[in-house]
Every structure is written in structure tokens, then in C-alpha cells.
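Enquirer: give me coordinates for this.
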Amino acid sequence: MKALKIGNIKLKNRLFLAPMVEVTDLPYRVLCRRQGAAIAYTEMIYVDAILHENKKTLDMLRTSEEDKPIGIQVTGNNAGEFRKLSKLSLLRNFDLVDINCGCPSSRIVGNEAGSYLLKTPDKIGEMIKILKDSGLIVTAKIRLGFKNNNVMEVSKKINKAGADLLTIHARTAEQRSSEPADWKWISKVKNEIGIPVVGNGGIVDGKSAAVMLDIADGAMIAGAALGNPFVFREALRYLKTGKEKEVDYKEKIAAYLDYINLAKKYGLTDLARVKFLGGHFLRGFWGASKARWGLMGMKSVEDVVEFVGGIR
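Expert: Residues are numbered from 1 along each chain as shown. Next up is the predicted model:
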């Protein structure tokens, strides 16, 4: 597999773990890294929340030596916020800053951030330039457009602003994941700009990762990694051998318990999140639906561990 660099960061492979809200906390990132993910990002954080440094935000900013290289993913709606952000020393805890210009959440769009920024390519360019002028490695994650496809215009603005890498989720903000991602635009953008391009959307296994890596510099895996960190291991196996192994449900249950242990280690146990993630790990075996139903009734993380241990 050919090497990929982001600024001065050299990656061990070209598989990226996508930032996912309420999923990719520090314990989950570590879990995926142990299975081969070359780089990961914090959950998307609103710039204003970082500036105010509340406890939830500080927890989202937690990282560790095993969590490298790591990007902080941010979004916001004005250049002034980014000027303040660029002066914060905490950014130096991260290897790069990624600007989210793709989140379709109505709450984020309502604040004129996330995918709303695709309406104003010049603003995205200004935000990138502010961070680059502070000496940071800066990347951006976009979609094909908000309602209409303007991916070429946005991509060229991001390239001109000096970004080090661009990730493209090959759907518009209005499209949902049930609609097929249109990968031809990833290839078109890559042929037009001079920075690495990572493809996202519709990568579910080793075969689809391999196809993406034929047209892009990197493959970013999102939903397929939810409850299955082994997707990275099996994608790497496929890239090497042309074959994948089916992941046994017992291995997934063991990984779920590993996640809980990591959450305890880092002081980031949250019962609601533990249950949510458990609903994705506890699949693919006889009685899985009943197990997920039982999991929702647990009153503490300790109860969850005992319950899941009984399943295994």
C-alpha cells in the first residue's frame, strides 16, 4: 500500500476512522486503532463550545499516547471564532485541525455551521487560512453540496486556501445514507486539485475500501465501524490477500467489553453511550434482539458488564 502524508504526518496505512457524534470518543478511537485505523478524529465540536471549555467539551478533547495521530474536528459559523480558536494552546495537543463542512444535523445547520458552510465557499477558505497562518496542519471534510452540487467550487477554494487534505462525503447534505454515494465526484475533484483527497460514504468492507483507494488517496470508514472495529483489520486483510474473514459475534462482544474497560480507564464511562454502542455490538447471533432489549434495562455500567459477560 502506498504511503500517505498529511502535512508532515506520515500514516501507517490509508484507512481513516470517521468522526461520529456520540461514537468516536477516546475509548472507541483506541479500539479502532488497535484493529488498524491509521488516523482518527474527535467527535465534531462546535468552536464556541471549545472557547467556553465546559466539562462535556473537555471530555471530548481527551486523547492519549495510543490515540495518535489525532485530529480535532471543529465547526463554526464565523471567522472571528476561528481567530480566537487559533490562539488556544490546547490545539497543540492534536496533530491537525479538521473543519467540518458536511454535518447535515438540523441543529448544526440551524447555527449556520456544518454543511451550511457549503453555501459560502469563501468563508470556508477564510477559516482554513486563519488556522494555517497559526502554523497548524489543517484539513476539511465536505459533502457534494448543501442542496445542489457545488463540490468543484468548494474543493478549489479549500485547495487555494492552503488546506493539507480534503475529505469528501459523496452525498449532498439533503441526501441520506440510504441513497448511494456518488464516488465519481471524488475522482473528479482529485484530478483537479493538488492536495490529497480522502473518500467517504458507502465504504462497508475491504472490497469497497479497495475500490475507493483506487480513486482516492484515503478511505474513511464511518457506519461500518459502528459496533465493528474489526472492519479495519479485515479491510487491511483484503488489501493484502483479496480475502476477508467473517468476524465472530463472540469477538465483537469481547471488543464491547474492551470498550467499557477503556472508558473506565480514561474516566469516560457514560451509561447512555455504553447502551447505545452495545446495541450495535450485540448483533449477529441467536437471541441478539432479546439481548439488546435486556441491555436497555441495565441501571449501571457494572450491570452491563455482568449482563454481557453472561451472554458470552
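Enquirer: show me the contacts for residue 258.
Expert: Neighbour list for residue 258: residue 31 [criterion: Cβ atoms under 8 Å, 6 or more residues apart in numbering]. Heads up, the C-betas are built off the backbone N, CA and C, glycines and all.
Enquirer: wait, is it part of a helix?
Expert: Yes - counting by DSSP: H, G, I helix; E, B strand; the rest coil, residue 258 is part of a helix.
Enquirer: the strands in the stretch 151-300 of the chain, which residues?
Expert: 165-169, 197-200, 218-221 (DSSP state E, counting those that start in this stretch).
Enquirer: so what strands line up beside the last one?
Expert: Partner strands and pairing direction for strand 218-221 (DSSP bridges) are strand 15-17 (parallel), strand 197-200 (parallel).
Enquirer: what of the longest one?
Expert: Neighbouring strands of strand 165-169 in its sheet, by DSSP bridges, are strand 138-143 (parallel), strand 197-200 (parallel).
Enquirer: with mean pLDDT added, can I get these in JSON lines?
Expert: Formatted as JSON lines, these follow (pLDDT from 0 to 100):
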{"stretch": "strand 138-143", "mean pLDDT": "98"}
{"stretch": "strand 197-200", "mean pLDDT": "98"}
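Enquirer: so can I have TSV of those strands showing distance to residue 190?
Expert: Below are the strands paired with strand 165-169 laid out as TSV (distance: least, Cβ to Cβ, whole Å):
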stretch	distance to residue 190
strand 138-143	13
strand 197-200	4
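Enquirer: help me confirm that residue 222 comes into contact with residue 16.
Expert: No - here residue 222 lies out of contact with residue 16, judged by Cβ atoms under 8 Å, at a distance of 9.4 Å.
Enquirer: what do the two both touch?
Expert: Common neighbours of residue 222 and residue 16 (Cβ under 8 Å, 6+ apart) are residue 200.
Enquirer: more neighbours: which of the two?
Expert: residue 16 (27 against 20; other Cβ atoms under 10 Å).
Enquirer: identify the residues contacting that one.
Expert: 37-40, 167, 198, 200, 218-221.
Enquirer: next: residue 307.
Expert: Residue 307 sits in contact with 294-295, 298, where contact means Cβ under 8 Å, 6+ apart.
Enquirer: show the pLDDT at it.
Expert: Predicted confidence (pLDDT) for residue 307: 95.
Enquirer: residue 177 now?
Expert: Confidence score, pLDDT, at residue 177: 73.
Enquirer: next: residue 59.
Expert: Confidence score, pLDDT, at residue 59: 92.
Enquirer: name the nearest residue to it, sequence neighbours excluded.
Expert: Counting by Cβ to Cβ, 6 or more residues apart in numbering, residue 59 lies nearest to residue 268, which is 6.0 Å off, once chain neighbours are set aside.
Enquirer: and if you look at residue 182?
Expert: Nearest one to residue 182, counting by Cβ to Cβ, 6+ apart, is residue 170 at 5.0 Å.
Enquirer: ok, residue 3 next?
Expert: Nearest one to residue 3, counting by Cβ to Cβ, 6+ apart, is residue 10 at 6.2 Å.
Enquirer: how about the one you found, secondary structure?
Expert: strand.
Enquirer: was I right to think it contacts residue 39?
Expert: No - using Cβ under 8 Å as the test, residue 10 is too far from residue 39 to be in contact (10.6 Å).
Enquirer: between those two, which one's more packed in?
Expert: A count of neighbours by other Cβ under 10 Å puts residue 39 above the other of residue 10 and residue 39, at 25 against 11.
Enquirer: tell me the spacing between that one and residue 200.
Expert: 13 Å (Cβ to Cβ, to the nearest Å).
Enquirer: check what pLDDT residue 303 gets.
Expert: For residue 303, pLDDT reads 96.
Enquirer: and for residue 250?
Expert: 93.
Enquirer: just the pLDDT for residue 164.
Expert: Looking at residue 164, the pLDDT reads 98.
Enquirer: skipping adjacent residues, who's closest to it in space?
Expert: Per Cβ to Cβ, 6+ apart, closest to residue 164 is residue 7, 4.5 Å.
Enquirer: ok, the one you found - contacts?
Expert: So residue 7 contacts 96, 137, 164 (Cβ under 8 Å, 6+ apart).
Enquirer: just put those in a markdown table and tack on distance to residue 182 and neighbour count.
Expert: Formatted as a markdown table, the contacts of residue 7 follow (distance: Cβ to Cβ, whole Å; neighbours: other Cβ atoms under 10 Å):
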| residue | distance to residue 182 | neighbour count |
| --- | --- | --- |
| 96 | 27 | 22 |
| 137 | 28 | 20 |
| 164 | 25 | 21 |
